[in-house]
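# fold the stuff below for me.
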Amino acid sequence: MGYRLSKIYTRTGDAGQTGLADGRRVPKDHPRIEAIGEVDMLNSQLGLLLAELATAQLSAPGLGEVIEALGPCQHRLFDVGGELAMPDYQALPQYEIDRIEGLIDRWNDELGPLTDFILPGGSRAIAQAHVCRSAARTAERCCQRLNAEEPLRASPLAYLNRLSDLLFVAARLIARRQGLPEILWQPAGATDA
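You can find the predicted model right below:
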């Protein structure tokens, strides 16, 4: 594969512009750069979740399934970033969206129906899964804003949407596998039990 980054700093972005893979220079606050940045942030947050799950797995071995399911998502997010950086590049296949949908269905069958709103928390891993979920929604919104100006392929948009759903279900599954109750939302005025 060779060396892709032989020099980390180039000084070409000091004036507030950055280069895309197709050679265009755009402002660093361009919707495409915003979208790339939010996908990168999501990937970083997902890395933190996976590290937390690896530690938590020592006392809750059932978390291994969650790690195996979410690990490939980091690579697919890199593919999404590649499609954003190179508008003619196509890296994300439909079967990756299908894989996520299959996981959601399988995990939801184990969890059963959700009857109340739940809050992030209970353990660091559960809370981090919710951070990732909300980061996925932010990345999706940025990509949709870009899509309104410069149409994107449907696959990356669908992938981000399904990934946020998967992360919500993963947070619930992590709670179950750690033997922790979900924190249910109590509306104002509700009596504390």
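
# show me what the lowest-mean-pLDDT helix or strand in the chain is packed against.
One helix or strand of the chain scores below all others by mean pLDDT, DSSP states H and E: strand 17-19, with a mean of 80. If contacts are counted by 3 or more CB pairs under 8 Å, 6 or more residues apart in numbering; DSSP states H and E, strand 17-19 sits against strand 25-27. Any C-beta I mention is one placed from the backbone N, CA and C, and that applies to glycine too.

# mind checking how far the strand it packs on is from the chain centre?
25 Å (CA atoms, centre = their mean, to the nearest Å).

# what's the neighbour count on R141?
14 (other CB atoms under 10 Å).

# helix or strand: which one has it?
Counting by DSSP states H and E, the element that carries R141 is helix 124-149.

# mind listing the helices for this protein?
For the chain, the helices defined by DSSP state H occupy 31-56, 64-85, 94-111, 124-149, 154-177.

# in TSV: those, plus distance to G16 and mean pLDDT.
Shown next, in TSV, are those (distance: least, CB to CB, whole Å; pLDDT from 0 to 100):
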stretch	distance to G16	mean pLDDT
helix 31-56	11	97
helix 64-85	18	97
helix 94-111	34	97
helix 124-149	19	98
helix 154-177	26	98
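
# may I see the buried residues of the helix holding R141?
For helix 124-149, a neighbour-count test (16 or more other CB atoms under 10 Å) marks 125-133, 135-140, 142-143, 146-147 as buried.

# tell me what it is packed against?
Using 3+ CB pairs under 8 Å, 6+ apart, helix 124-149 is in contact with helix 31-56, helix 154-177.

# now those in a markdown table, with mean neighbour count?
Formatted as a markdown table, the helices and strands packed on helix 124-149 follow (neighbours: other CB atoms under 10 Å):
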| stretch | mean neighbour count |
| --- | --- |
| helix 31-56 | 20 |
| helix 154-177 | 22 |
